[in-house]
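Undergrad: with the input below, show me the fold.
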Amino acid sequence: MRLTRFTDVALRVLMRLAVAENEDPPTTREVAETMRVPYTHATKVVARLQHLGLVDARRGRGGGLTLTEAGSTASIGALVRELEGPDDVVECEGSTPCPLRSACVLRDALRRAQEAFYASLDPLTVTELVASPTGPVLIGISSGPAPD
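TA: Got it, this is the predicted structure:
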């Protein structure tokens, strides 16, 4: 299974914010630059994370992004489920429906595999993702220009 770019960026943003406790809250632009993602993509991700109550975003002087308590303790599995949406791994009902869809064993097997993938992420939290060795690497990443 492959995560969407949106989910990948969301997880990286949360991880970056998790190690920003002892510094001024970074802006969306700073997080985008540090994580090497396009600013426009990062703004969409931050808006969604804010809507989910995982990130607090304040504008203006003294503003920036902070990880909420819910963001620190959120289950990675639940978050990935939410961001990826309810779609199946394969599209059986699309514009050209699969002729096997009424009797296919593969679809159910893939659905179970997808749920097993999410379940393996359920016990992890953002805080656990930034434990050593990841946290120190995140802290040490130097900002570079974000891709456009």
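Undergrad: tell me which other helices or strands the longest helix along the chain touches.
TA: The longest helix of the chain (DSSP state H) is helix 105-121. Using 3 or more C-beta pairs under 8 Å, 6 or more residues apart in numbering; DSSP states H and E, the elements in contact with helix 105-121 are helix 76-84. C-betas here are computed from N, CA, C, even on glycine.
Undergrad: so for the helix it packs on, what's the average pLDDT?
TA: Averaging pLDDT along helix 76-84 yields 96.
Undergrad: contacts for that helix, please.
TA: Outside helix 76-84, the residues within contact range by C-beta atoms under 8 Å, 6 or more residues apart in numbering are 3-4, 6-7, 10-11, 14, 48, 52, 54, 118-126, 129.
Undergrad: quick one: which of those residues sit in strands?
TA: Assigned to strands by DSSP state E, none of the contacts of helix 76-84 qualify.
Undergrad: A strand includes T43, no?
TA: No - going by DSSP: H, G, I helix; E, B strand; the rest coil, the assignment for T43 is helix, not a strand.
Undergrad: do you know how far the residue lying closest to it once chain neighbours are set aside is from E84?
TA: On the basis of C-beta to C-beta, 6 or more residues apart in numbering, the spatially nearest residue to T43 that is not a chain neighbour turns out to be T28, at 5.5 Å. Applying C-beta to C-beta, to the nearest Å, one obtains 22 Å for the distance of T28 from E84.
Undergrad: so for the two, which sits in the more crowded spot?
TA: Using other C-beta atoms under 10 Å, the more surrounded residue of T28 and E84 is T28, with 21 against 17.
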